[in-house]
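K.L.:
A structural model of the following input is requested.
(one chain, ligands or ions: 1)
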Amino acid sequence: MRFNNILSTSLSGLAGLSLGMFPTSILASSAVPWQKGFQPAVTTVMEDVNEFHDLLLIVITLITVFVLVLLIYTMWKFSAKRNPVPSTTTHHATLEMAWTIVPVIILVVIAVPSFKLLYKSDVIPKADMTIKAIGNQWNWGYEYPDHGKFSFVASMVQDSDLTKWAKENNVKNPKRLLEADAEVVVPVDTTVRVQVTSNDVLHAWAVPAFGVKIDAVPGRLNQTWFNVNKVGTYYGQCSELCGQLHGFMPIKVKVVSKAAFADWVSEKRKAAGLKPFPPQRRNVAKLNNSAR
Ligand SMILES: [Cu+2]
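P.N.:
I've put the predicted structure just below:
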């Protein structure tokens, strides 16, 4: 959208200011102390979320400044001292039209990109693969139905075990409360459909850098999607109050090259007693109208 492009260009200076607060060498991944903005985006959905946020920031700032200036001007101009005899005006057709129509225009300007974004995040494009995340009190279970139905559970690495765990698993600078003992591995530049459900209470599967947050509801299958454009490790947390250990069920997603993903799948299949090679993609029968 051209309007958005102009806005985002004019905002690049502002964005640069906030980006300067992040160490650029780290690949997005998790929240950092004193973070002011979002985690850097690695999906187009999150890029659009950032853009929409920037647009709203401009709108909200202009409105706030306008109202503040109007308020101060009114207090000054119409104070009892300067304006001892108040006006008896009760209606002003032009003014009333203006303060109805202008907000409507502002709302439409907001609504168009808002609905576009909502639609983009909600409607799943043709997915290359599916993973399933199942919320439990208090960890996440994962299944890879397209790759042989192997499954695993990812629990948080406890504080007391963190140093030992990091050493055993060659993890530099382990992140407290965000490290899980198993990670969700997905290939880069691949559209992944995530089916989300729960075994007990409401949870929510969320990864900020992906712009993904979806409720895990017992007895119901929700779905969302992401397509990550950068290899890296990304962290999220359960984002629905689910009980005592709500803050201790992290989500760790490792995005790797397609070859590395195939290796990982082979390994998992082997461990699950399945054939060591990833299966061929299913050939879904295509409807061919011209053949009729
Ligand atoms: Cu939870």
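K.L.:
show me the contacts for the closest residue to the ion within the stretch 51-200 of the chain.
P.N.:
Nearest residue of the stretch 51-200 of the chain to the ion (C-beta to the ion) works out as Gly135 at 5.5 Å. For every residue, glycine as well, the C-beta is placed using N, CA and C. Neighbouring residues of Gly135 by C-beta atoms under 8 Å, 6 or more residues apart in numbering: 141, 196-205, 216, 238, 242, 249.
K.L.:
For the residues you listed, pick the one with the most neighbours.
P.N.:
Sorting the contacts of Gly135 by how many neighbours each has (other C-beta atoms under 10 Å) puts His203 first, at 31 neighbours.
K.L.:
domains for this structure, by residue range?
P.N.:
2-122, 129-271 (automatic domain parsing).
K.L.:
on that earlier part again, so what sits opposite the residue of the stretch 51-200 of the chain closest to the ion in the bridge?
P.N.:
Following DSSP bridges, Gly135 is listed with bridge partners Trp140, Ser198.
K.L.:
ok, the closest residue to Val45 other than its chain neighbours to Tyr234 distance?
P.N.:
Sequence neighbours aside, Gly211 is the residue nearest to Val45 in space, at 4.1 Å (criterion: C-beta to C-beta, 6 or more residues apart in numbering). Distance of Gly211 to Tyr234, computed by C-beta to C-beta, to the nearest Å: 11 Å.
K.L.:
who has more neighbours, these two?
P.N.:
More crowded of Gly211 and Tyr234, by other C-beta under 10 Å: Tyr234, with 27 against 24.
K.L.:
That one and Phe226 touch, don't they?
P.N.:
No. Using C-beta atoms under 8 Å as the test, Tyr234 is too far from Phe226 to be in contact (9.5 Å).
K.L.:
Now for those two: what residues contact both?
P.N.:
Val207, Phe210.
K.L.:
Asn50 sits in which helix or strand?
P.N.:
For Asn50, the host element (DSSP states H and E) is helix 44-77.
K.L.:
how far does that helix sit from the chain's center?
P.N.:
The chain centre lies 23 Å from the centre of helix 44-77; the measure is C-alpha atoms, centre = their mean, to the nearest Å.
K.L.:
Could you list the buried residues of the helix or strand just after it?
P.N.:
Downstream of helix 44-77, the first helix or strand assigned by DSSP H and E is helix 93-122. Neighbour-count burial for helix 93-122 flags Pro113, Leu117, Ser121 (criterion: 16 or more other C-beta atoms under 10 Å).
K.L.:
Reformat those residues as a markdown table; add pLDDT and distance to Ile101.
P.N.:
Shown next, in a markdown table, are the buried residues of helix 93-122 (pLDDT from 0 to 100; distance: C-beta to C-beta, whole Å):
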| residue | pLDDT | distance to Ile101 |
| --- | --- | --- |
| Pro113 | 95 | 20 |
| Leu117 | 96 | 25 |
| Ser121 | 94 | 31 |
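K.L.:
TSV for those, including distance to the ion?
P.N.:
Putting the buried residues of helix 93-122 into TSV (distance: C-beta to the ion, whole Å) gives the following:
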residue	distance to the ion
Pro113	31
Leu117	26
Ser121	21
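K.L.:
Centroid-nearest residue for the chain?
P.N.:
Against the mean C-alpha coordinate of the chain, by C-alpha atoms, centre = their mean, the closest residue is Gly211 at 1.6 Å.
K.L.:
For it, which residues are in contact?
P.N.:
Ala41, Thr43, Val45, Met46, Glu47, Asp48, Val49, Ser121, Phe226.
K.L.:
doesn't Trp205 make contact with Val253?
P.N.:
No. Contact criterion C-beta under 8 Å: Val253 and Trp205 do not qualify, at 10.1 Å.
K.L.:
any shared contact partners between those two?
P.N.:
With C-beta under 8 Å, 6+ apart as the test, Val253 and Trp205 both reach Gly236.
K.L.:
Which members of the contacts of Gly135 additionally contact the ion?
P.N.:
Restricting the contacts of Gly135 to those near the ion by C-beta under 5 Å from the ion leaves His203, Cys238, Cys242, Met249.
K.L.:
List the contacts of the closest residue to the second one other than its chain neighbours.
P.N.:
Of all residues not flanking Cys238 in the chain, Met249 sits nearest, at 4.4 Å (C-beta to C-beta, 6+ apart). Residues near Met249 by C-beta under 8 Å, 6+ apart: Gly135, Trp138, Asn139, Trp140, Ser155, Met156, His203, Gln237, Cys238, Cys242.
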